[in-house]
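> below are the sequence and a predicted model; questions follow.
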Amino acid sequence: MTTASLPRRAWPRTLALLALALSALSPLLVLLWRASARDWFWPTLVPGTLSLDAWRALLAPGAGLGGALGTSAGLAIACGVLACVIGLPVGRALSGLRGRGRHVGAALVFLPVAAPPVALGVGIQVLMIHLGLAGTAPGVLAAHLVPAVGYLALYFLGVFTSYDARVEEAARTLGAGRARTFWLVTVPIIRRPILEAVGLGFLVSWAQVPLTLLVGGGAVRTLPVELLAFIDAGQDQYAAAAAIVLTVPALAAVSLFVLAARRTSVVAV
Amino acid sequence: MTAAVTPGGPPALELQALDVPFGAAPAAAGLRGISLQIAPGERVAIVGPSGAGKTTLLRAIAGLTPTTGGVVRGDGADMTGAPPERRGCAYLHQSPVLFPHLDVFENIAFPLRVRRVSRQDVAARVASLLALLQLDGLGGRRTDAVSGGQRHRIALARALAADPRALLLDEPLAALDPTLRDDVRETLARLSGPGLPALLLVTHDFDDAALLADRVLVLLDGSIAQDDQPARLFARPATLAVARFLGIPNQLPAVVGGEHVHSAFGTVPLGVLANAEDAARMMASDRATERRLTLVAAADAVRLTPPGTGVDARVGAVRVRSARTTVLVEIDRASPDDEPVIVECAVERHGHPGVGARVGVSLDASRALVYPDR
C-alpha cells in the first residue's frame, strides 16, 4: 500500500521543486541569452545575432566593470566583517535583556531594516555630508553598515537566545578571562553562525543600490550602480552581462560561506 | 552559625557575613549573613529546600553571582570582588557542561592551555587525570560520544586540571538514574585526600550528604540553620525547623512540667532526652514551671510492642519503601474529644502487624528531642 501510494504523494513535492528551480533559474537563463544577443527586440522570440561583444567590453582589463567589481567586493567584504563585529555584541546584549527591554531593543535594531531604503538613504546622506564622507567609499560603507548591522544584530539575537552561556561560566571558573573565554570558547562554538552572518552582511552591501547612489552621489561606482547606468542608457546587452557579473560572485560567496560553515566541525547553536 | 575553626593554616574558603540577593528580588529575599569556613581538602554538603539559595551561594562563591555585602576569602586572601577566573573555585553545573568543539583530551587540557602549560606537561597531567577518573582511552573521543557518567567524570577531571582550591558542585547527583548515580557518587567519594581541593556540594539527598561530606550545612530561609557533622545533624537537629526539613516524621505536642515531659507517649524524664541540656537551659531561661513544646522523634525511635504494653494503639497504615518499611499507628485517645495522634514507627519488612491490629507503642526517649513551638 505504501509503495503504491508513495509516487502519487511525491508528485506535488516534485512539481513544487520544479517550479522553484524554474523561477530561480529562468531569469538567469534569459539574462545569459540576452547578454549574448546583439539584436533581440519585441516581438521576436529568439535573438537575431549572437555576439560576445558586451562580455569582451565589460571584462576587458583596465576598462569596463573591473573597477566597479573591485569596489563592490571591497565594500561588501568590509561590510560583512564590520557588521558582524558590531552586530554580534549588540545581538548578545539584546539576548540578555528580558521582557519589555528586549522588545524595545529589538524594535530599535529592526528600524533601519524596516525603513524604506530611500528614506533611510536621505537621512544618512545628510549625516555623511555633515561628516564630509559623502561621495566617498568609507561614507558608502558606513551607509551600508546601517541596515547590515540591523540584520546581523537580529540574527545574533536569535543565535544567542538559544546559546548555552553556561559554557562561558565553566571556562571562567576554570581560569579563562573574558577575552580568552570569547576567543577559545564562544567564537569556536558559534563559528558557523559567524560565517553565515558575514555572508549575510556581504550580500546586504553587494546588492545595495539606493544607499550607494544617495551617499556615493555617483562618485562611488559599484556594480549595481553600473548596471543601472546601462539600463538607463538602453544598453540591454551590457546590462544583462553586468547583471550576470553581479549575480555570480554573490552566489559564489554564499556557496563559499556555506561550504566553510559545513567544514567547521563545531556544534551549531 | 560558623563552622569549626580550621586547624593550622588559613581555610581554603572563608565566608564572612555574606549577603547575596536572589536576582531582582528584594534584598530581604536573598541570602543574609552567611559565615562559613572550609578547610583544605574538607568536604561540605549544602542541603535545604528548593529556593533556599543553595545554588546562589555556590555561584556567589565562584564569582558568578554578585554579592551585596560580606567577605569571601580564599586561602586567607580577600577575593570578594575578584572575577571568577581569579578565585580558584571551579564551578560544576548540575548537568556537565563540556566544550562541544573540543574532544575529551582538549576539554581536560583547557585550564592548562589557559595557563600556558608546556605541551609535555599538559600531556602528562591530562593522562594522569584520565587515569584518576577512569577515563583511559577516551582522550580522542568527541564529547557527544561518551556516556552520561563519563561526561560527569570528564567535567570533574577538567575541574581538577585547574588545580582549584575548591570544587563547587551544584547537585552533581540530581536527575541521574540509579546506576549512573552510583557511578558518580563513587567518583566523588574517591576525590578526597592530601592535595585535593576542598569540596562544596549542593544536594537534595540526605544520604548523599552523609556519605560524601564531612560536614553538612542546612540552609533555611536565607541563612545557615545548622552546620554539623552528618551523624550529629541527623541525631540532633538544632531547631524544630531543621527537624521538619530533615523529614523527621513524629512531631507531637508535649508539656514540660518539673523534670518530666508529658506527651501522647506518656511521661518521660526530661534528663534522658537527646537534647536534655538544651531543654533544661530553655526551661531555666524561661523560669517557667510548665511549658508547651514539640516533641520530635524519628521513626526508628518509636517501637511497636505487644498489645497491653507501652501506649495502646491501632495500626492505621503500612508504608513500604525501597529502603525501609514503617507503619502509621493511631494512639488511643483518652477521651473522644482529644485530637487524634498518629505516629510513624519503623518495622521489619516482614512479620509486622497488619492494618487494624492492636499494638503497643513505646518511645526511645534517649533519641527524642523537644523544641519550643516557635
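Done, it's in.

> helix/strand/coil for the closest residue to residue B:58 other than its chain neighbours?
The shortest distance from residue B:58 to any non-neighbouring residue, by Cβ to Cβ, 6 or more residues apart in numbering or on different chains, is to residue B:168 (4.6 Å). For glycine as for every other residue, the C-beta is placed from the backbone atoms N, C-alpha and C. Classification of residue B:168 by DSSP: H, G, I helix; E, B strand; the rest coil places it in strand.

> again with residue A:246
helix.

> residue contacts, it?
A:72, A:206-207, A:223-224, A:227 (Cβ atoms under 8 Å, 6 or more residues apart in numbering or on different chains).

> before we move on, back to that, what residues are up against the residue nearest to residue B:58?
Residue B:168 sits next to A:173, B:58, B:61-62, B:89-92, B:200-201 when contact means Cβ under 8 Å, 6+ apart.

> now do residue A:226
Applying Cβ under 8 Å, 6+ apart, we find residue A:226 in contact with A:65, A:68, A:242.

> any weak-confidence spans in the chain?
The chain I'm using is chain A. A:1-6, A:62-64, A:260-269 (pLDDT under 70).

> wrong one, I was asking about chain B
In chain B, residues with pLDDT under 70: B:1-8, B:24-28, B:286-289, B:374.

> residues from it in reach of chain A?
By Cβ under 8 Å from any Cβ of the partner chain, the part of chain B that sits against chain A consists of B:62-64, B:83-85, B:87, B:89-93, B:97, B:99-101, B:110-111, B:113-115, B:144, B:155, B:158-159, B:161-162, B:164, B:168.

> list the buried residues in stretch B:333-340.
Residues of stretch B:333-340 classed as buried by neighbour count (16 or more other Cβ atoms under 10 Å in any protein chain shown): none.

> got the CA positions of that stretch in PDB?
The C-alpha coordinates for stretch B:333-340 follow below in PDB (Å, rounded to 0.1, in the frame of the first residue of the first chain):
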ATOM      1  CA  ARG B 333      -7.500   8.800  72.800                       C
ATOM      2  CA  ALA B 334      -8.100   9.300  76.500                       C
ATOM      3  CA  SER B 335     -11.400  10.900  75.600                       C
ATOM      4  CA  PRO B 336     -13.400  11.200  72.400                       C
ATOM      5  CA  ASP B 337     -12.800  15.000  72.400                       C
ATOM      6  CA  ASP B 338      -9.000  14.600  72.200                       C
ATOM      7  CA  GLU B 339      -7.200  15.300  68.900                       C
ATOM      8  CA  PRO B 340      -6.100  12.000  67.200                       C
END
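
> all the helices of chain B, residue numbers only.
Assigned by DSSP state H, chain B shows helices spanning B:54-62, B:104-114, B:119-132, B:148-161, B:178-190, B:206-212, B:230-235, B:240-245, B:276-286.

> other SSEs contacting the second one?
By that I understand helix B:104-114. Under the contact definition 3 or more Cβ pairs under 8 Å, 6 or more residues apart in numbering or on different chains; DSSP states H and E, helix B:104-114 sits against helix B:119-132, helix B:148-161.

> which residue ranges of chain A form helices?
A:2-35, A:53-59, A:66-96, A:100-114, A:117-131, A:137-161, A:166-173, A:178-181, A:187-189, A:191-206, A:210-216, A:223-232, A:236-263.

> of all the ones you listed, which lies closest to residue B:306?
Nearest of the helices of chain A to residue B:306, taken as Cβ to Cβ: helix A:166-173 at 58.8 Å.

> number of nearby residues for residue A:186?
By other Cβ atoms under 10 Å in any protein chain shown, 20 other residues sit near residue A:186.

> got a list of what residue 40 touches?
Using chain A here. Here residue A:40 is in contact with A:33-34, A:46-48, A:236 (Cβ under 8 Å, 6+ apart).

> chain B was what I was after
B:9, B:11-12, B:75, B:165, B:197-198.

> got it, and residue B:206?
Shown here is residue B:206, whose contacts under the criterion Cβ under 8 Å, 6+ apart are B:47, B:234, B:246-247.

> quick one: it from residue B:95, how far?
22 Å (Cβ to Cβ, to the nearest Å).

> wait, which of the contacts of residue A:246 is closest to residue A:106?
Distances from residue A:106 to the contacts of residue A:246, taken by Cβ to Cβ, are shortest for residue A:207, at 24.1 Å.

> test my guess that the closest one contacts residue A:249.
No. Look at residue A:207 against residue A:249 with Cβ atoms under 8 Å: they stay out of range, at 11.0 Å.

> burial count for the closest residue to residue B:249 other than its chain neighbours?
With sequence-adjacent residues excluded and distances taken as Cβ to Cβ, 6+ apart, residue B:249 is closest to residue B:344, at 4.2 Å. Look at residue B:344: counted by other Cβ under 10 Å, it has 18 neighbours.

> same question, residue A:156
Residue A:156: 27 neighbours (other Cβ under 10 Å).
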